[in-house]
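Undergrad: Pasting a predicted model and its sequence here:
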Amino acid sequence: MRLLQFLVVPILIGLLKLSGCAPIEGDVSISNSIPPSDQRPQDEPLALGKMHYAAGDYGLAERHFRAAVEANPSSAEAWLGLAAAYDRLSRFDLAARAYERTLALQGRTPEVLNNLGYHHLLRGNIAQARQYLSEAARADPGNPLIQGNLRLLETWKTGSEKNSAPGAGSG
């Protein structure tokens with residue numbers, strides 16, 4: 001009988017846990033295993049922003065990148081992601097402010113310059129787009145995103161594109 005008690009009691013406890021009954025003292029229920037958002041690592045919103053941006057969900061990407069810059073205002077990567085998401089949402093005024101913050105934090109890196117060039121291309125500022133993309137290409141001549149944006153710039157200049165953003169751009 002005692003052997004049966006040692007076998008049955010742990011099995012019953014396990015079944016109670018799986019069925020969603022109240023947790024046993026010292027146990028943590030599944031719903032409490034995910035900490036509240038203000039207690040999660042600061043990089044989680046950044047990772048979610050990148051994931052949604054890559055999937056083309058720019059509204060969700062913007063929300064997560066905004067949360068990332070609120071959690072860590074000194075994250076140039078989060079600001080750059082936020083700027084790129086704003087570009088994709090045609091919120092160029094907000095994108096410009098986010099790029100300013102990115103430049104202040106990270107400087108004129110090829111990635112930032114490329115994104116700024118694409119930003120100006122989307123706004124129709126061809127001369128400024130050329131300036132930023134040329135500077136990016138000088139800093140990183142083999143970068144395929146920069147080269148793609150330079151080719152895109154040339155097609156827009158000649159009018160063979162109808163100023164639609166095909167997706168080569170920023171990010």
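TA: Received, thanks.
Undergrad: following the least confident helix or strand in the chain by mean pLDDT, which helix or strand shows up next?
TA: Across the helices and strands of the chain, mean pLDDT, DSSP states H and E gives its lowest value to helix 2-19, namely a mean of 42. Next along the chain after helix 2-19, taking DSSP states H and E as the criterion, comes helix 43-54.
Undergrad: Leaving out sequence neighbours, find the closest residue to residue 99.
TA: Distances taken as Cβ to Cβ, 6 or more residues apart in numbering put residue 83 closest to residue 99, at 4.7 Å, once the chain neighbours are dropped. (Each C-beta comes from the backbone N, C-alpha and C, glycine too.)
Undergrad: can you count the residues close to the one you found?
TA: 30 (other Cβ atoms under 10 Å).
Undergrad: Is it in contact with residue 93, as I believe?
TA: No: between residue 83 and residue 93 there is no contact under Cβ atoms under 8 Å: 11.3 Å.
Undergrad: on contacts alone, who are the packing partners of the host helix or strand of residue 93?
TA: Element membership of residue 93 [criterion: DSSP H and E] is helix 92-106. When contacts are defined as 3 or more Cβ pairs under 8 Å, 6 or more residues apart in numbering; DSSP states H and E, helix 92-106 packs onto helix 76-88, helix 110-123.
Undergrad: rerun at 10 Å
TA: For helix 92-106, the elements it packs on are helix 58-71, helix 76-88, helix 110-123, judged by 3 or more Cβ pairs under 10 Å, 6 or more residues apart in numbering; DSSP states H and E.
Undergrad: So for residue 148, which of those helices sits nearest?
TA: Closest of those to residue 148 is helix 110-123, at 9.4 Å (criterion: Cβ to Cβ).
Undergrad: now the angle from the closest one to helix 92-106?
TA: Angle, helix 110-123 to helix 92-106, by axes from the mean of the first three to the mean of the last three Cα atoms, to 10 degrees: 170 degrees.
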